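Asks: got a predicted model here, sequence first, then my questions.
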Amino acid sequence: MRVILLLSSIASLMLVFTGCKKAEVTTYEVPKEKSAVNAPFLQAQMQTGQTATPIAPEAMASGTLPPGHPEIGTGGDAAVELPPGHPEMPSSANAAASPGMGMPPSAMAAQGLPPGAVAAGETPEWAVPASWKPGPVSSMRKASFLVQDGDAVADISVTAFPGNVGGGLANLNRWRAQIGLPPTNEAELAASAKPVKAASVAGTMHDLSSAQKRMIVVTLPVDGVSWFFKITGDTAVIEKEQAAFLGFVQSVRFN
Amino acid sequence: MKSFFNFFSSLKLTVWLLAASLILIFFGTLDQVNWGIQEAQQKYFQSIIALWGYPPTWVFGNYLKWLHLPIPGGYLVGPLMLINLACAHFKYFRPRWATGGIVLIHAGIAMLLISQLVTNLVQEESFLWFAEGGTKNYIESFHRDELVIIDKTDPEKDQVVAIPMEMLERTTPITNPRLPFRVEVRGFFPNAEITRVPEGNPSPTPVTQGLGATMNLAAKEISRTFKGDRNNSTAIVELSSTQGSIGTWLVSPIFLDQLPPQVFTFDGRTYEIAMRYKRTYLPFTLTLLDFTHERYPGTQIPKNFSSKIQLKDPATKQDREVIIYMNHPLRYGGLTFYQASFSGEFQSMLQVVANPSWLAPYIACILVTLGMLWQFGWGLFKFINRR
């Protein structure tokens, strides 16, 4: 009887222990982040090739997307309804992988990789032109670079997604929307797509221009994964960086 | 009282507890396949009783899936072991030089058990992602989210009110002296996906303000995941003042990376409302100066990856460079920063662990080692003397 009493008192003590982390509201003051508060948004803007202009307060209040902003995706798993033309999200198996060395085992459980991130350690080799600087961080990007020429900026991104991400026309229309061009059709897709060969892979290249913006996208299908190498920005900078960008694409080696 | 003492000092109990811990570790490890490490840890090692179910994928799984086996959990076995160890120690050992080593060994084991309990109760794991040139003064939780309402009116400073996700599961309104309105949670999903409802159709998630309203978004609850993917805790939040409702917002960490912040004005002040990964601000800053990543030649297998960090702490006037790499974490300010992951050539992720008892296992191992040296040394010494 006494044993049972003691056991139950130990058990209740343990229950108290397990419940001792109390959640409560915290308040604090932080200096305004120069870029980090809106960093994900600015990064998203950069992804679309826009320079980081402040968002109009009305737009912020109403939550409307800035022109050319990509459609919203979701961080969920399969069966998530993605907007038309949105690249397919990699599966959770891909997203969770990571080299994860020198850390406690429980850390391996969750890498903190944002949903949709492609596993690290799968990046191909390439030679980055010396003038390119590290670009904005994003969960979607395998690599990110920026080139600045005065006020003009070019954003270079490398992304990889499983499958053909909605097909050629959906991709082309998404890119066109990002630089403010209207959607197009299959006939123009065929005219726009130029064959390109890099890393012993036959891919396609699109060179799109609007009034001020230009975008060059090289797509390389490798082992069921579409690799997108994209440079976007002001026409003048792209003009200058075109050769460096194509050289970069040619330097890519998938192992 | 004596029967208590006899029961808990019994060596039979020691054997039973060792057997129970073997079973616990076996099934706890086995079930990680089904639940993931974190959930299996909670289910088996951070509980009093765990229920193991026969996996349907095993032989005759279809017929035996009803079979459930109660297993003593870590919070039962650990404390009992500690009590057993203490009682047995005081029952069987008298302070003598000849058994001094055993005292040390027992003290070491007791310290291991206690430090594991402390670790379970207080350890927090977070992460820190940055790109070269980036500076961070906060870390973000792996598993916890928070609802934040940020007063952004001041051009220099932000006033943050952070409400942990655990509080959002309650239905009572949340008030705070910093907020001129109260926060009421109209719906909370521990994990949800967000879809866009075609224009013209009403959203099943009715909200009146922010992204949810302007983009006609809907939140659909999905089952929680425990296998590496992060849960997206999503909430429908209504803010009300004494004059009535200000509006209802849909908040989810899914928005963070992809959409503009949800900002509104109330009473002449500008606020942002968001669900984000729970942040902990640090009294110091870390800047990623350089990230290097070496592979074994001709392969994609990482050989070494390291982050060169600039650590600046105004309080202690520290300003130094640190290199964090495999098995060489930075320990600073009660936190341990491990090199954990990377993306591309310029982005690095540090795993940040807050564990005040991190030294205890090392001290415990030293105690056990010294105890064994003492005990065996004593035996050897006596044996040589006898000869």
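Replies: Yes, it's here. All figures in this text were calculated on a predicted structure; none of them were measured in a lab.

Asks: the bottom helix or strand of chain A by mean pLDDT?
Replies: helix A:92-96 (a mean of 32; mean pLDDT, DSSP states H and E).

Asks: following it, which helix or strand comes up?
Replies: Counting by DSSP states H and E, the next helix or strand C-terminal to helix A:92-96 is strand A:133-134.

Asks: report all helices and strands that that following strand contacts.
Replies: strand A:141-149 (3 or more Cβ pairs under 8 Å, 6 or more residues apart in numbering or on different chains; DSSP states H and E). C-beta here means a position set from N, CA and C on the backbone, and glycine is covered the same way.

Asks: show me the strands in the stretch 101-250 of chain B, by range?
Replies: B:124-131, B:135-151, B:157-164, B:182-189, B:192-196, B:217-221, B:234-241, B:244-251 (DSSP state E, counting those that start in this stretch).

Asks: nearest to residue B:347, of the ones you listed?
Replies: Closest to residue B:347 of these, according to Cβ to Cβ: strand B:124-131, at 4.8 Å.

Asks: pairing partners for the closest one, with directions?
Replies: Using DSSP bridges, strand B:124-131 pairs in its sheet with strand B:135-151 (antiparallel), strand B:347-354 (antiparallel).

Asks: determine the set of other helices and strands touching the next helix or strand after the last one.
Replies: Once strand B:347-354 ends, the next helix or strand along the chain (criterion: DSSP H and E) is helix B:360-386. For helix B:360-386, the helices and strands in contact under the criterion 3+ Cβ pairs under 8 Å, 6+ apart are helix B:100-122.

Asks: reformat the strands of the stretch 101-250 of chain B as TSV; add mean pLDDT and mean neighbour count.
Replies: TSV is the format used below for the strands of the stretch 101-250 of chain B (pLDDT from 0 to 100; neighbours: other Cβ atoms under 10 Å in any protein chain shown):
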stretch	mean pLDDT	mean neighbour count
strand B:124-131	87	22
strand B:135-151	92	21
strand B:157-164	94	19
strand B:182-189	93	18
strand B:192-196	80	23
strand B:217-221	85	20
strand B:234-241	94	21
strand B:244-251	93	20
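
Asks: with distance to residue B:31 as extra columns, can I get these in a markdown table?
Replies: As requested, these are exported to a markdown table (distance: least, Cβ to Cβ, whole Å):
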| stretch | distance to residue B:31 |
| --- | --- |
| strand B:124-131 | 21 |
| strand B:135-151 | 19 |
| strand B:157-164 | 28 |
| strand B:182-189 | 26 |
| strand B:192-196 | 26 |
| strand B:217-221 | 25 |
| strand B:234-241 | 28 |
| strand B:244-251 | 33 |
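
Asks: which one of these lies closest to residue A:208?
Replies: Using Cβ to Cβ, the strands of the stretch 101-250 of chain B put strand B:192-196 closest to residue A:208, at 25.3 Å.

Asks: what about that closest one and chain A, any contact?
Replies: Yes - judged by Cβ under 8 Å from any Cβ of the partner chain, strand B:192-196 and chain A are in contact via B:192, B:193, B:194, B:195, B:196.

Asks: closest to chain A among those residues?
Replies: residue B:193 (3.4 Å; Cβ to the nearest Cβ).

Asks: partners of that closest one in the sheet?
Replies: residue B:220.

Asks: returning to that earlier point: in the residues of strand B:192-196 next to chain A, find the pair that's most separated.
Replies: Longest span within these, Cβ to Cβ: B:192 and B:196, 13.9 Å.

Asks: need the contact list for residue A:242.
Replies: A:216, A:231 (Cβ atoms under 8 Å, 6 or more residues apart in numbering or on different chains).

Asks: that one and residue A:215: what is the separation?
Replies: 11 Å (Cβ to Cβ, to the nearest Å).

Asks: common neighbours of the two, please.
Replies: residue A:231.

Asks: neighbours around the closest residue to residue B:92 other than its chain neighbours, how many?
Replies: Closest residue in space to residue B:92, ignoring its immediate chain neighbours: residue B:9 at 7.5 Å, by Cβ to Cβ, 6 or more residues apart in numbering or on different chains. Burial measure for residue B:9: 19 neighbouring residues, criterion other Cβ atoms under 10 Å in any protein chain shown.
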